[in-house]
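Visitor: Sequence and predicted structure are below.
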Amino acid sequence: MRTSVLTILVVPFLACAQVKDDAIIKKGVDVSKHVPKGIEAGQQAPEIVGVSVDGRQVESKAMVEDKELVLIFYRGNWCPYCSRHLSNLNDSLQYLTQAGAEVVVIGPENFESAHKTQEKTESDFILLPDTSMQLMQAYDVLFTVTKRYKGKIKTFLFTDIAENNGQDEAMLPVPATYIIGRDHNVKWRHFDYDYTKRASVKEILDHLK
C-alpha cells in the first residue's frame, strides 16, 4: 500500500518535470548540460567590468553610485525577437534615463557581430560584448544550445551561432533583464526560457520607482 501511494505521488512529479524539460528544450536549451536559473532578486549582483562595442570602459560599481542599473541580456543580431526588443528599448531609452537608470545590454557576440547589432537597432545604450562568457556565467543565464536548435537557426536564419559569437561551441544566454540597485543588490528580474517573452519598458519603469 505504501509503495502504491509513493508511486501515485512520484509519477505526476516526474511527468511535470519532463513537461518542463521538453518546453525548455524547444527553446534550444541542452538540458543534459547546465540549465541556468538566473540569480534571484535580493542577491548581490556580480560586478560588471568590460569594454563596450564603441570602446567605452564599463564598470557597474561606478555606475550604481548614483544610478540604478538596467541590465539586459540578448542572444544575437540574427534573432528577430532581440532586434525588436532592443529597438523598442532604444526608442524609450529617454524614459529610463529620466527615471535615473543606466542601461547596459550584454550579449555573447564577438565585437564584429555586436557592431551589426548596434547598427541594426540604432542603439544609444551601452552594448557590451561578453566574449569570455564570464558575465553571463556569473549571472547564471548561459546555456549550451542543442544540436537541433543550432540547425534550425542555420537553416532559417542563416547563422552559425558559434561562428557569430567567435566561439567553438554554440552558447546563448536566456534573454533576462535585471535591475540592480545602488546597494549593488538585484532589485528585480525578468527571467524566462521562452525567448519570445521579454521585459517591457513599462515593467522596467514600474520597478525603477
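Guide: Good, I have the coordinates. Residues are numbered from 1 along each chain as shown.
Visitor: Please count neighbours and contacts with C-alpha atoms only from this point.
Guide: OK.
Visitor: May I have the distance across stretch 149-163, first residue to last?
Guide: One end of stretch 149-163 sits 15 Å from the other (Cα to Cα, to the nearest Å).
Visitor: List the buried residues for that stretch?
Guide: 149-150, 153, 159-162 (16 or more other Cα atoms under 10 Å).
Visitor: what's the burial count for Ile106?
Guide: Other residues lying near Ile106 total 26 when counted by other Cα atoms under 10 Å.
Visitor: Helix or strand with the lowest mean pLDDT in the protein?
Guide: With mean pLDDT, DSSP states H and E as the measure, the helix or strand of the chain carrying the lowest mean pLDDT is helix 2-26 (a mean of 62).
Visitor: Okay, now the unreliable bits of the protein?
Guide: Across the chain, residues meeting the criterion (pLDDT under 70) sit at 1-20.
Visitor: What segments of it are helices?
Guide: Using DSSP state H, the helices of the chain run over 2-26, 60-63, 80-91, 93-98, 111-121, 134-138, 147-156, 161-165, 201-208.
Visitor: And these: which comes nearest Pro175?
Guide: helix 80-91 (8.2 Å; Cα to Cα).
Visitor: ok, and what's touching the closest one?
Guide: 74-77, 117, 120-125, 195-196, 198, 201 (Cα atoms under 8 Å, 6 or more residues apart in numbering).
Visitor: please redo it, this time with the cut-off set to 7 Å
Guide: Outside helix 80-91, the residues within contact range by Cα atoms under 7 Å, 6 or more residues apart in numbering are 74-77, 121, 123-125, 196, 201.
Visitor: And for stretch 25-37?
Guide: 21, 140-146, 149, 193-194.
Visitor: start to end distance for that stretch?
Guide: This stretch, stretch 25-37, spans 14 Å end to end (Cα to Cα).
Visitor: Stretch 113-132 too?
Guide: Taking Cα to Cα, stretch 113-132 runs 15 Å from one end to the other.
Visitor: How about that stretch, which residues are buried there?
Guide: For stretch 113-132, burial by neighbour count (16+ other Cα under 10 Å) applies to 113-115, 117-118, 121, 123, 125-131.
Visitor: With distance to Pro46 added, can I get these in TSV?
Guide: Listed next are the buried residues of stretch 113-132 as TSV, based on distance: Cα to Cα, whole Å:
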residue	distance to Pro46
Ser113	25
Ala114	22
His115	25
Thr117	25
Gln118	25
Thr121	27
Ser123	24
Phe125	20
Ile126	18
Leu127	18
Leu128	15
Pro129	16
Asp130	14
Thr131	17
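Visitor: from the residues you listed, which single one is nearest Asp183?
Guide: Asp183 has its nearest neighbour among the buried residues of stretch 113-132 in Ile126, at 21.1 Å by Cα to Cα.
Visitor: Please name the nearest non-neighbouring residue to that closest one.
Guide: Leaving aside its chain neighbours, Ile126 sits nearest to Val104 (4.8 Å; criterion: Cα to Cα, 6 or more residues apart in numbering).
Visitor: ok, that neighbour touching Tyr74?
Guide: No. Counting by Cα atoms under 7 Å, Val104 does not reach Tyr74; the two are 10.8 Å apart.
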